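Undergrad: Any chance you could fold what I've pasted below:
(one chain, ligands or ions: 1)
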Amino acid sequence: MRTGRGADGVAALDVAAVSHSYGPKRALNDVSFSIAPATFTVLLGLNGAGKTTLFSLITHLYDTRHGSIRIFGHEVGRSPGEALRRLGIVFQARTLDLDLTVYQNLSYHASLHGLGSTEARRRIDALLAQVEMSDRLRDKARSLSGGQMRRIEIARALLHRPPLLLLDEATVGLDVQSRAGILASIRKLVETEGISVFWATHLIDEVDDGDHVVVLSQGNLVAKGSVAEVVRTTGTKSIGEAFSKLSHKAPAAGAEEPS
Ligand SMILES: Nc1ncnc2c1ncn2[C@@H]1O[C@H](COP(=O)(O)OP(=O)(O)OP(=O)(O)O)[C@@H](O)[C@H]1O
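TA: Numbers count the residues shown, from 1 in each chain. Okay, the predicted model is just below:
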């Protein structure tokens, strides 16, 4: 089984014994896994499985009070600056400023990351070409379709060259063709740029045979590994069947805070 670590022993993302509760409601229960550099890993879970909670902990929106999360060896709680500059994020909710142009949206983000204007422009041009949106540079974000906005958000997430990219239900609300296009560009990034992608979804058709998967159900980690490994260990015939089996047998996460 793949260990989830690179040749130097450092994982792109290492989640160790992480639990999280909202008051008495346990949303994540002792979750541990790691993902290797330059891989595409799908975080699979039905609505309410705990995907957004996990992402909120990884991105330091919430403090990790139980367990630890490391990004390329840097613990998010202890060294948030070092950890988070290695991370690009595409949130589930739309986050572009609709009254700004594509260029303005991107250059604002570049300046937040301390990129000089020449370097920023070079990066913006290269990334817009990569997501096939070069011709929309001067257009207001408001004039873009949902799928085009997502492409711009992906370009924005990659501006500071993070080696790890997180996407939370990035294709929600998009048509089949836009979904397939976005998935294909992200998979290409893994191949050409060697970045690690952690892609959260509840849509099983977004998983490819060559992917790694982490499956959450009701706050519990119920499977992790390559698609072939998860299919084999669940005694099923496909990842769809495995996901369905795993999502319906997990006990609910406990109601108590872990001690
Ligand atoms: N702010 C909150 N307060 C209380 N409970 C919450 C809060 N946010 C999430 N939860 C609960 O925690 C559990 C996990 O929710 P979470 O949003 O992490 O799941 P998810 O897998 O991202 O679901 P979805 O696909 O619907 O976004 C759910 O039972 C949810 O009701």
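Undergrad: and the host helix or strand of A180, how far out from the chain's middle?
TA: Assigned by DSSP states H and E, A180 belongs to helix 176-193. Here helix 176-193 is found 13 Å from its chain centre; the criterion is C-alpha atoms, centre = their mean, to the nearest Å.
Undergrad: before we move on, what about stretch 161-174?
TA: 5 Å.
Undergrad: Same question for stretch 232-242.
TA: Taking the mean of its C-alpha atoms, stretch 232-242 sits 23 Å from the chain's own mean (C-alpha atoms, centre = their mean).
Undergrad: what about the helix or strand harbouring E241, average pLDDT?
TA: Take DSSP H and E as the rule and E241 turns out to sit in helix 239-249. Here helix 239-249 scores 90 as its mean pLDDT.
Undergrad: Can you point out the buried residues in it?
TA: Buried residues in helix 239-249, counted by 16 or more other C-beta atoms under 10 Å: 239, 242-243, 246-247. All C-beta atoms are positioned from the backbone trio N, CA, C, and that covers glycine.
Undergrad: of all these, which comes closest to L100?
TA: F243 (39.0 Å; C-beta to C-beta).
Undergrad: Share the number of residues neighbouring the residue nearest to the closest one when sequence neighbours are not counted, please.
TA: Setting aside the residues directly before and after it, F243 is nearest to I204 in space (C-beta to C-beta, 6 or more residues apart in numbering), at 5.3 Å. Look at I204: counted by other C-beta atoms under 10 Å, it has 17 neighbours.
Undergrad: And for G147?
TA: 16.
Undergrad: Kindly report the same for D97.
TA: 12.
Undergrad: What is the end-to-end distance of stretch 194-203?
TA: This stretch, stretch 194-203, spans 25 Å end to end (C-alpha to C-alpha, to the nearest Å).
Undergrad: any idea how far the residue in the stretch 151-259 of the chain positioned nearest to the ligand is from E169?
TA: Across the stretch 151-259 of the chain, the shortest distance to the ligand (C-beta to the nearest ligand atom) belongs to H202, at 5.5 Å. Distance of H202 to E169, given as C-beta to C-beta, to the nearest Å: 7 Å.
Undergrad: shared neighbours, the two?
TA: K51 (C-beta atoms under 8 Å, 6 or more residues apart in numbering).
Undergrad: is it true that Q148 touches R136?
TA: Yes. Q148 is within contact range of R136, at 6.8 Å (criterion: C-beta atoms under 8 Å).
Undergrad: just to revisit the earlier point, name the helices or strands packed onto the helix holding A180?
TA: In terms of contacts (3 or more C-beta pairs under 8 Å, 6 or more residues apart in numbering; DSSP states H and E), helix 176-193 is packed against strand 40-44, helix 146-158, strand 164-168, strand 196-201.
Undergrad: Show me what the third one is packed against.
TA: It stands for strand 164-168. helix 51-58, strand 87-90, helix 146-158, helix 176-193, strand 196-201.
Undergrad: Now render the ones you listed as JSON lines, adding distance to T118 and mean pLDDT.
TA: Shown next, in JSON lines, are the helices and strands packed on strand 164-168 (distance: least, C-beta to C-beta, whole Å; pLDDT from 0 to 100):
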{"stretch": "helix 51-58", "distance to T118": "32", "mean pLDDT": "95"}
{"stretch": "strand 87-90", "distance to T118": "21", "mean pLDDT": "95"}
{"stretch": "helix 146-158", "distance to T118": "18", "mean pLDDT": "93"}
{"stretch": "helix 176-193", "distance to T118": "21", "mean pLDDT": "88"}
{"stretch": "strand 196-201", "distance to T118": "28", "mean pLDDT": "96"}
